[in-house]
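*Asks:* Sequence isn't available, so here's the structure alone:
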């Protein structure tokens, strides 16, 4: 198949490009000007430079493509102005999906996020993993990033209802190589390796190998049902932050942070950080949106993707080992 991947220079996008090439597909990678292309090193693909908000770029990029993977997104937990994020995530999604449908793509895979799913209330029941049936309202989206992605997912579902061959995937917390930026989850690993993580919050994430997420996109194109969404996670990947740090300690031999930050203290620091950010224009180290999300165990059940798509289940421990090796090899560890 001839495939377009938007956001091809990002963490998931770069790994998806590599996975498609490994399966013998032709890949056209859409990247923004000045994008960091280290994740695409040695990737034998056609590169198109442009923005998803540019209709002429999209029309050219999608010409002759069989599949479209819309991975590109603006991911920020703090901005002075959130309008550009909504433009990219909502307006850009509509433009990509409608253009792909008009171009005759037989499958369009839209990359959403597990952040669009409803989480259980805090407390004992919060340990119950969430699945695709947990429909959330826009009012439940606790920050602008989640709200913009929720609106974008509604666009994808609307177009699928109108006949566009759209399948939605919701990755959890990917880990592994080619996290060039790095992502917020990758930054946790980098900070740990650099001994810059003195404490942690009592939260939980569903960790999944980024290669499984990449292959999950391809499986969604091959087997996914139009209009359905699939959580791309790991059945055994629901770990507390304390468990996560313990695994990294075992893999590296480095000391594990022992101090757990009370949520009230983290919240106060986040408010102070937001005030400073408004003055300096520099993002706070711990955005208020992130601290609020950390109150929940963000655990998910990927059973549907495993059953219907055959989603691979690489052990999360292996994902962390490969991520650690990649960060060390590529100069992210300073100490």
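*Replies:* It's in. Remember, it's a predicted structure, so these values are computed and weren't measured experimentally. Numbering: from 1, shown residues only.
*Asks:* From residue 234, how far off is the nearest residue to residue 53 once chain neighbours are set aside?
*Replies:* Leaving out its chain neighbours, the residue that sits closest to residue 53 by C-beta to C-beta, 6 or more residues apart in numbering is residue 92, at 5.4 Å. The C-beta positions use only the backbone N, C-alpha and C, and glycine is treated the same way. Going from residue 92 to residue 234 by C-beta to C-beta, to the nearest Å gives 29 Å.
*Asks:* The two: which has the busier surroundings?
*Replies:* residue 234 (28 against 24; other C-beta atoms under 10 Å).
*Asks:* ok, that one - contacts?
*Replies:* Contact analysis of residue 234 by C-beta atoms under 8 Å, 6 or more residues apart in numbering lists 172, 206-209, 212, 302, 313-316.
*Asks:* Out of these, list just those in helices.
*Replies:* Among the contacts of residue 234, DSSP state H puts 212, 316 in helices.
*Asks:* May I see the contacts of residue 234 arranged in TSV, with neighbour count and distance to residue 100 as well?
*Replies:* Below are these laid out as TSV (neighbours: other C-beta atoms under 10 Å; distance: C-beta to C-beta, whole Å):
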residue	neighbour count	distance to residue 100
172	27	25
206	26	29
207	26	31
208	29	26
209	26	27
212	26	24
302	28	26
313	17	29
314	18	29
315	13	34
316	25	32
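*Asks:* Out of the contacts of residue 234, which comes closest to residue 278?
*Replies:* Distance to residue 278, by C-beta to C-beta, is smallest for residue 172 among the contacts of residue 234, at 31.4 Å.
*Asks:* Let me see the confidence value for that closest one.
*Replies:* You'll see residue 172 listed with a pLDDT of 97.
*Asks:* Got the confidence number for the residue in the chain sticking out farthest from the centre?
*Replies:* In the chain, residue 279 marks the outermost C-alpha relative to the chain mean, sitting 29.3 Å out by C-alpha atoms, centre = their mean. The model reports residue 279 with a pLDDT of 74.
*Asks:* low-confidence ranges in this protein?
*Replies:* 121-127, 277, 288-289, 335 (pLDDT under 70).
*Asks:* How are the strands of it distributed by residue range?
*Replies:* In the chain, the segments counted as strands under DSSP state E are 2-6, 26-31, 46-49, 67-70, 107-111, 166-171, 173-175, 199-200, 204-209, 229-232, 238-240, 259-260, 297-298.
*Asks:* Could you pull out the helices in the protein for me?
*Replies:* 11-22, 55-62, 83-86, 92-102, 144-161, 184-193, 210-223, 241-252, 263-280, 288-293, 303-309, 316-329.
*Asks:* which one of those helices lies closest to residue 230?
*Replies:* Closest to residue 230 of these is helix 303-309 (C-beta to C-beta; 4.1 Å).
*Asks:* What about residue 189, how many residues nearby?
*Replies:* Residue 189 has 24 neighbours, counted by other C-beta under 10 Å.
*Asks:* contacting residues for it?
*Replies:* By C-beta under 8 Å, 6+ apart, the residues touching residue 189 are 175, 182, 248, 320, 323-324, 327.
*Asks:* can you name the two of the residues you listed that are farthest apart?
*Replies:* The span of the contacts of residue 189, defined through C-beta to C-beta, is set by 182 and 248 at 14.4 Å.
*Asks:* Which of the strands of the chain sits closest to residue 81?
*Replies:* Using C-beta to C-beta, the nearest of the strands of the chain to residue 81 is strand 2-6, at 22.7 Å.
*Asks:* List the buried residues of the closest one.
*Replies:* Judged by neighbour count (16 or more other C-beta atoms under 10 Å), strand 2-6 contains these buried residues: 3-6.
*Asks:* Relative to residue 150, which of the residues you listed is nearest.
*Replies:* Nearest to residue 150, judged by C-beta to C-beta, of those is residue 6 at 19.1 Å.
*Asks:* How about residue 183, nearest residue that isn't a chain neighbour?
*Replies:* residue 11 (5.3 Å).
*Asks:* again with residue 63
*Replies:* Nearest residue to residue 63 in three dimensions, chain neighbours excluded: residue 103, at 6.5 Å (C-beta to C-beta, 6+ apart).
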